[in-house]
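> Need a 3D model of the following:
(chains A and B)
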Amino acid sequence: MSLRKPRVLLSILCAMVGASTGTANAVDVRVLYLERQVERPPVLSSLDAVPDDLGLAGAELGLFENTATARFLGHSYTLDTVVVGVEEDFGEAVERVLADGHRLIVAHAPADDLLALADHAEAQDALIFNGSAPDDRLRRDACRANLLHTMPSRSMLTDALTQFLVKKRWTDWLLISGEGPGDEEYADALRASAAKFNAKIVAEKVWRFDADMRRNAAQEVPVFTQGEDYDAVLVADEIGDWARYVLYNTWLPRPVAGSEGIVPVAWAPVVEQWGAAQLQKRFTDATERGMRSEDYAIWAGLRAIGEAVTRTTSADPATLRRYMLSQDFELAAFKGRKATFRTWNGQMRQPIPLVHPRALVAQAPIEGYLHRISDLDTLGQDEAETDCTAFED
Amino acid sequence: MRFLLPVLLVTLAAPAMASEAWVTNEKDDTISVIDIETLEVVKTLKTGERPRGITFSRDFNRLYICASDSDTVQVMDPETGKILHDLPSGEDPEQFVLHPNNRLLYIANEDDAITTVVDTEERKVIAQIQVGIEPEGMAVSHDGTIAVTTSETTNMAHWINTETQEIFANTLVDSRPRHAEFTADDGQLWVTSEIGGTVTVFTVEDQEEIAKITFEIKGVRPERIQPVGMRFTADGAQAVIALGPSNHIAVVDAKTFEVKEYILVGRRVWHLAFSPDGSKLFTTNGISGDVTVVDMNSLKAIKTIKVGRYPWGVAVRP
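As a prediction, the model looks like this:
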């Protein structure tokens, strides 16, 4: 007798759930992965190629995870992919995808292209995720209300690194910056972080060697790094051209950090704590390569959409945006803390791993850096110092 | 002779009767066996790769071990410490629960988004149920009619009818659900959410959420409070919840859902088990590599026992 009752109950429930998930709550979510390819300058080393599916592979994993949840809720996702070649017209592609009705866009594109997309008249009711551009201006005076950022800003990265270096008391820096794309911005971010956390740049040099450093780093770099005493060498070399040859060739036996050595990243294949090993495995099984920062940030864009759709039962960009910027939103981002969005500039709050190629060195925010609200806001522009006005609702 | 015999019997019987806490060491591929009287590790046994979930058969004659990286559930004779055989388990078994019939194991296959049901006597898989991504928590009701899997990335509790081995309901919870437990009367299901930092309480009858328990520890950042393992006391009056990297466990009143006490234990506390008489609680502390013993009368930690690397699961044998 006692066993029969629940059984009856169960079958009734089965019928009810089956009915409700099928129709009443159906939400169909269309997401666009929009990539703008860029010209990559040649680099000295021929060791590492940029994967063809960088970013896209993250979108596909995010889609897979969203779909797994959607199945149980009667929701569905479709992912369209548009990749705009180096020679092709990005503006034309934007026209086309917006005319096509896309309003949820996860973008893998440089800052100027992101702004062109966000500023298009048809995109005003869209929700765009920046999954690649670290430019601080996109989070400051050039911020846009319809543009959220899952990629950390440069200042988040350099703040994270600086917290670690200062904690280690490696406060006197030799800063070497290159002349490649992004290097000046990276060096600027390092200078700002040094000022913020009380580190000191004792000497600055610009890397202008055009010799092949693979052969003569041992002769050139010691001389180049002579002079002042310093605790650490900071390198700004975003495309990965020359900084790798600085390691172990400095005049003084000092750690190298920045673009090489101890590197602050959104993600790297060596992140394995907090369940990250599972995410890495899913990614590697599908792609046969390691998951990089762009893959992660674009995955996070897809997952943020998925999480908001699940909780709001809506695919309306305005509803999703409101939810993402609310207290209720939380994304399990495999970094041991929930990821949320900053309400003043749309940047995703997230811990920053500091890595070398074989392991995680530390994860910022570093213990001891306190904040009134969340210690994650010790990384990057805080609310008080923002000059972004687009989020003032 | 007559005088000597009973004394001998007592001394001989004592070691066999001592209760033990068995702890899986995830990064050592071993089990540490702790004597509950002396609170010391009395033996260390080899297992398959990355042992995590651990549970005894109802008669305590068999031990089941999720050897996650060996993709198998191992069956051990706890008397000899010998592995008797492996069970087919699906890929990457992380946690499991033994059905009250002492025969069916419900296994969460973390990498496969599947719950596998294994008949331990026939040693075969009788069902595989598609669940959300990264299934982890497994619970079965005391009357045996319902099994629940929680999926960490899908953020759901999946309710499975054990008659048909099919899902009959899915309920959303906060981020990264880790563990589920039915109350003794099967009236409620409690689910811990690691990243959400909460415990959601459902009524089993209609799967309605009736409460959400939150935690606050003085001097600990809220993000570090991450509920993972949990157990109810035998009288059902209290729940004890492991709070991960906050390095605390919470004792919660099971009627009012109010936290009565926070107890400091080792680092990143994972799972819990009570001694047979309920007077002591054993917690596995992943990062510090030890087990904390908590006295349940005074609600104080009384001892730390060093075990292997990354202790994960714990099961007690009377």
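> What residue in the stretch 201-318 of chain B comes nearest to chain A?
Checking the stretch 201-318 of chain B residue by residue against chain A with Cβ to the nearest Cβ singles out B:Glu223 as nearest, at 4.7 Å. Bear in mind the C-beta positions are built from the backbone N, C-alpha and C, glycine included.
> Can you get me a residue count around that residue?
Neighbourhood size, B:Glu223 [other Cβ atoms under 10 Å in any protein chain shown]: 17.
> now do A:Arg358
Other residues within reach of A:Arg358, judged by other Cβ under 10 Å, total 7.
> so it makes contact with A:Glu272?
No: the pair formed by A:Arg358 and A:Glu272 falls short of the contact definition of Cβ atoms under 8 Å, at 11.4 Å.
> Give me the number of neighbouring residues for the nearest residue to the residue of the stretch 201-318 of chain B closest to chain A once chain neighbours are set aside.
Spatially, and ignoring its direct neighbours in sequence, B:Glu223 is nearest to A:Arg337 (4.7 Å; Cβ to Cβ, 6 or more residues apart in numbering or on different chains). Residues near A:Arg337, counting by other Cβ under 10 Å, number 25.
> Next: A:Asp80.
Other residues within reach of A:Asp80 by the criterion other Cβ under 10 Å amount to 13.
> Quick check: bridge partners of it?
With DSSP bridges as the criterion, the beta-bridge partners of A:Asp80 are A:Leu32.
> Tell me if I'm right that it and A:Glu35 touch.
No: under the criterion of Cβ under 8 Å, A:Asp80 makes no contact with A:Glu35, lying 11.7 Å away.
> Tell me the residue of the stretch 251-393 of chain A that sits nearest chain B?
Using Cβ to the nearest Cβ, the single residue of the stretch 251-393 of chain A nearest to chain B is A:Ala332, 4.1 Å away.
> Distance of A:Leu252 relative to A:Leu190?
Counting by Cβ to Cβ, to the nearest Å, the gap from A:Leu252 to A:Leu190 is 19 Å.
> Out of those two, name the residue with the larger neighbour count.
Set side by side, A:Leu252 and A:Leu190 show more neighbours around A:Leu190, with 28 against 15, by other Cβ under 10 Å.
> Name the SS class of that one, please.
Secondary structure, DSSP: H, G, I helix; E, B strand; the rest coil: A:Leu190 is helix.
> Contact partners for the residue nearest to B:Glu223?
Contacts for A:Arg337 (Cβ atoms under 8 Å, 6 or more residues apart in numbering or on different chains) come out as A:350-351, A:376, B:195, B:223.
> Put the buried members of those residues into a ChimeraX selection.
Isolation of the buried members of the contacts of A:Arg337 (16 or more other Cβ atoms under 10 Å in any protein chain shown) is achieved in ChimeraX through the command below:
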select /A:350,351,376 /B:195,223
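> Can you read off the pLDDT for residue 190?
By default, I'm working from chain A. Confidence at A:Leu190, expressed as pLDDT, is 98.
> Not quite, go with chain B.
At B:Trp190 the predicted local confidence, pLDDT, stands at 98.
> Now for residue 198, how many residues are close by?
You didn't pick a chain, so chain A it is. Quick note: A:Asn198 (other Cβ under 10 Å) scores 9 neighbours.
> The intended chain is chain B.
If you count neighbours by other Cβ under 10 Å, B:Thr198 ends up with 21.
> Bridge partners for it, pull those for me.
With DSSP bridges applied, B:Thr198 shows beta-bridge pairing to B:Ser193, B:Thr214.
> Can you give me every residue that contacts it?
Contacts were defined as Cβ under 8 Å, 6+ apart; by that measure B:Thr198 touches B:173-174, B:192, B:212-215, B:227.
> again, 6 Å this time
B:Thr198 makes contact with B:174, B:212, B:214 under the criterion Cβ atoms under 6 Å, 6 or more residues apart in numbering or on different chains.
> And it, how far from B:Asn155?
For B:Thr198, the distance to B:Asn155 (Cβ to Cβ) stands at 12 Å.
> Up against chain A, what does chain B have?
Taking Cβ under 6 Å from any Cβ of the partner chain, the part of chain B that reaches chain A is made up of B:132-134, B:145, B:153-154, B:161, B:168-170, B:175-176, B:195, B:223.
> ok, now with 8 Å
Among all residues of chain B, those adjacent to chain A (criterion: Cβ under 8 Å from any Cβ of the partner chain) are B:110-111, B:113, B:130, B:132-134, B:143, B:145-146, B:151-156, B:158, B:161, B:163, B:166-170, B:172, B:174-176, B:194-196, B:205, B:207, B:221, B:223, B:245.
> Okay, and which of these map to helices?
Using DSSP state H, the subset of the residues of chain B next to chain A located in helices is empty.
> quick one: which of the residues you listed sit in strands?
Counting by DSSP state E, the part of these found in strands is B:130, B:146, B:151, B:156, B:158, B:161, B:166-170, B:172.
> and the residue of the stretch 101-250 of chain A found nearest chain B, how many neighbours?
Among the residues of the stretch 101-250 of chain A, A:Gln163 lies closest to chain B, at 15.5 Å counting by Cβ to the nearest Cβ. Taking other Cβ under 10 Å as the criterion, the count of residues near A:Gln163 is 27.
> Unless I misread the structure, it falls within a strand.
No: with three-state DSSP as the criterion, A:Gln163 is assigned helix and is not in a strand.
> Would you mind listing the residues in contact with it?
Residues near A:Gln163 by Cβ under 8 Å, 6+ apart: A:197, A:364-366, A:369, A:378-379.
> out of the residues you listed, who's nearest A:Leu302?
Nearest to A:Leu302 among the contacts of A:Gln163: A:Leu379, at 22.9 Å, using Cβ to Cβ.
> how close does that closest one sit to A:Lys200?
Between A:Leu379 and A:Lys200 the computed distance is 20 Å (Cβ to Cβ).
> who has more neighbours, those two?
When A:Leu379 and A:Lys200 are compared on other Cβ under 10 Å, the one with more neighbours turns out to be A:Leu379, at 30 against 11.
> Which pLDDT value does the model give that one?
The per-residue pLDDT reported for A:Leu379 equals 97.
> At the contact with chain B, which residues of the stretch 151-300 of chain A appear?
A:275, A:278, A:281-282.
> Let's see the ChimeraX selection covering just the buried ones among the residues you listed.
To isolate in ChimeraX the members of those that are buried, counting by 16+ other Cβ under 10 Å, one can use:
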select /A:275,278,282
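> got a list of what B:Leu105 touches?
If a contact means Cβ under 8 Å, 6+ apart, then B:Leu105 has B:64, B:73, B:87, B:96-99, B:117-118, B:120 as its contacts.
> B:Lys260: which of these is nearest?
Distance from B:Lys260 was checked for each of these by Cβ to Cβ. The minimum falls on B:Val97, at 26.9 Å.
> returning to what we had before: looking at the residues of the stretch 151-300 of chain A next to chain B, spot the one nearest B:Gly236.
Lowest distance from B:Gly236 to these (Cβ to Cβ) belongs to A:Gly275, with 31.0 Å.
> Using the three-state scheme, assign A:Ala68.
In three-state terms, and counting by three-state DSSP, A:Ala68 is helix.
> contacting residues for it?
With contact taken as Cβ under 8 Å, 6+ apart, A:Ala68 is in contact with B:113, B:132-133, B:151, B:153-154.
> now swap in B:Asn61 and tell me
For B:Asn61, the contact set (Cβ under 8 Å, 6+ apart) comprises B:77-78.
> Wasn't it part of a strand?
No: using three-state DSSP, the secondary structure at B:Asn61 is coil, not a strand.
> Return the distance of it relative to B:Pro100.
To B:Pro100, B:Asn61 is 16 Å away according to Cβ to Cβ.
> if we can go back for a sec, which of the contacts of A:Ala68 tops the neighbour count?
Among those, B:Thr154 has the most neighbours (other Cβ under 10 Å), with 29 neighbours.
> Remind me what the helix or strand hosting B:Thr149 packs against, helices and strands.
For B:Thr149, the host element (DSSP states H and E) is strand B:146-151. Using 3 or more Cβ pairs under 8 Å, 6 or more residues apart in numbering or on different chains; DSSP states H and E, the elements in contact with strand B:146-151 are strand B:104-109, strand B:135-140, strand B:156-161, strand B:177-182, strand B:188-193.
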